[in-house]
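K.L.:
sequence and predicted structure, then a few things I'm wondering about:
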Amino acid sequence: MTTAHGCAAPDYDSVDEGTELPQIDIRIRRADLVRYSGASGDFNVIHWNERAARAAGLPDVIAHGMLTMAITARIVTDWVGDPGAVAEYAVRFSRPVIVPDDEDGAEIVITARVAKKLPDHRVRVDIVARCGADKVLSMARAFVVLP
Amino acid sequence: MPLDPAFIGRTYPAVEVYEVGREKIREFADAIGDPNPVYRDRGAARAAGHQDVIAPPTFPIVITARIGEQVIFDPELGLDYTKVVHGQQRFVVTRPVRAGDRLIGVLTVDNIQAAAGNDLISTRVDVSTEDGEPVVTAYSMLVARGTSGVATSDPSKA
């Protein structure tokens, strides 16, 4: 199976601790928040209503943490090809992703590397998701089973 | 007001079955902008070794968030939901969720604590098929900002 990058899927023997995964950059605009609200059932007003977001003490509308977590997972699932290889995925939501009401929205820059090779063809991938200067996820990790 | 620690260890049995639909998975994959064919095309999913299309790794939140509301909105707990932000999330996967699954979730309150004036509540939802096959466990930590009434960062109020 090939990955979304068109490269051969990584196998356990060919990856090393420190191997970097291909970086991905993903833009989130207001329309994406509305769509994610509908698909997920999370209609919290701070994700689509600027007035409500400001009343809650936020500078503007923010993305759903779970949307940021979902798009960040792609650095791993695009790499392995089969998302069924993800055995565990965990994040801390360290900073909100503020999504202004314009064409540019917010850009999430996602990087990751193989942090540890474990028994039984498992690897731990450590992930960093940034929006501008902010690290929006911390302690983001996936445990993946490689062929 | 701090949350009642008596809730720690409380378990809420499964209330209803969630049937995973192929089009719901597609809708979710579209919403997260992920074009992976195993979320949409049964042939691609089978080629990857799955019985049917599978759901993205964070899809279980669609099921487990609703189940978690049983405690989050329990008036006895006293959580002010307008102050709540999502602190942490973790999924431990036994096997991917796939189209056609009929899933149930058992909710447990793992921990309640106050830290730096915030209330923290940690829950988990153990998701299985209605026949009892384990599928995924979702661990969530929610933070209610400034609600515990004890600002440990300010000793004068401690």
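P.N.:
Good, I have the coordinates.

K.L.:
hey, let's count contacts and neighbours off CA atoms from now on
P.N.:
Will do.

K.L.:
for chain A, longest helix please?
P.N.:
The helix spanning the most residues in chain A, taking DSSP state H as the definition, is helix A:65-80.

K.L.:
count of neighbours near residue 46?
P.N.:
All of this is about chain A. Per other C-alpha atoms under 10 Å in any protein chain shown, the neighbour tally for residue A:46 reads 21.

K.L.:
meant chain B actually
P.N.:
Neighbour count of residue B:46, defined by other C-alpha under 10 Å: 14.

K.L.:
what's the following helix or strand after the helix or strand hosting it?
P.N.:
Secondary-structure element containing residue B:46, defined by DSSP states H and E: helix B:42-47. Heading C-terminal from helix B:42-47, the first helix or strand you meet, by DSSP H and E, is helix B:60-72.

K.L.:
where does chain A come near chain B, residue by residue?
P.N.:
With C-alpha under 8 Å from any C-alpha of the partner chain as the criterion, chain A meets chain B at residues A:1, A:4, A:32, A:35-36, A:39-41, A:56, A:65-67, A:69-71, A:73-74, A:78, A:81-84, A:86-94.

K.L.:
report the buried members of those residues.
P.N.:
Buried positions within the residues of chain A next to chain B, assessed by neighbour count (16 or more other C-alpha atoms under 10 Å in any protein chain shown), are A:4, A:32, A:35-36, A:39-40, A:65-67, A:69-71, A:73-74, A:78, A:81-84, A:86-94.

K.L.:
please name the nearest non-neighbouring residue to residue B:84.
P.N.:
On the basis of C-alpha to C-alpha, 6 or more residues apart in numbering or on different chains, the spatially nearest residue to residue B:84 that is not a chain neighbour turns out to be residue B:144, at 4.2 Å.

K.L.:
which residues touch that neighbour?
P.N.:
By C-alpha atoms under 8 Å, 6 or more residues apart in numbering or on different chains, residue B:144 lies in contact with B:79, B:80, B:81, B:83, B:84, B:85, B:118, B:119, B:120.

K.L.:
beta-bridge partners for the residue lying closest to the last one once chain neighbours are set aside, please?
P.N.:
If I follow you right, that is residue B:120. Spatial nearest neighbour of residue B:120, excluding adjacent residues (C-alpha to C-alpha, 6+ apart): residue B:143 at 4.7 Å. For residue B:143, the residues forming beta bridges with it (DSSP bridges) are residue B:85, residue B:120.

K.L.:
if we ignore the residues flanking it in sequence, what's nearest residue 134?
P.N.:
This is for chain A. Going by C-alpha to C-alpha, 6+ apart, residue A:134 has residue A:95 as its nearest residue, at 6.7 Å.

K.L.:
sorry, I should have been clearer: chain B.
P.N.:
residue B:128 (4.2 Å).

K.L.:
how about residues contacting the one helix or strand the one you found maps to?
P.N.:
Residue B:128 is located in strand B:118-129, with elements delineated by DSSP H and E. Strand B:118-129 is contacted from outside by B:2-3, B:64, B:67-68, B:101-114, B:134-149, B:151, using C-alpha under 8 Å, 6+ apart.

K.L.:
pLDDT value on residue 3, please?
P.N.:
Went with chain A since none was named. As summarised for this prediction, residue A:3 has a pLDDT of 47.

K.L.:
wrong chain, I was asking about chain B
P.N.:
Model confidence at residue B:3, given as pLDDT, is 87.

K.L.:
next, count neighbours for it.
P.N.:
20.

K.L.:
residue A:55 too?
P.N.:
The burial count assigned to residue A:55 is 11, neighbours taken as other C-alpha under 10 Å.

K.L.:
do the same with residue A:135
P.N.:
As a burial measure, residue A:135 scores 18 neighbours (other C-alpha under 10 Å).

K.L.:
packing partners for the helix or strand that contains residue A:117?
P.N.:
Per DSSP H and E: residue A:117 is located in strand A:106-118. Other elements packing on strand A:106-118 under the criterion 3 or more C-alpha pairs under 8 Å, 6 or more residues apart in numbering or on different chains; DSSP states H and E are strand A:24-28, helix A:65-80, strand A:122-131.
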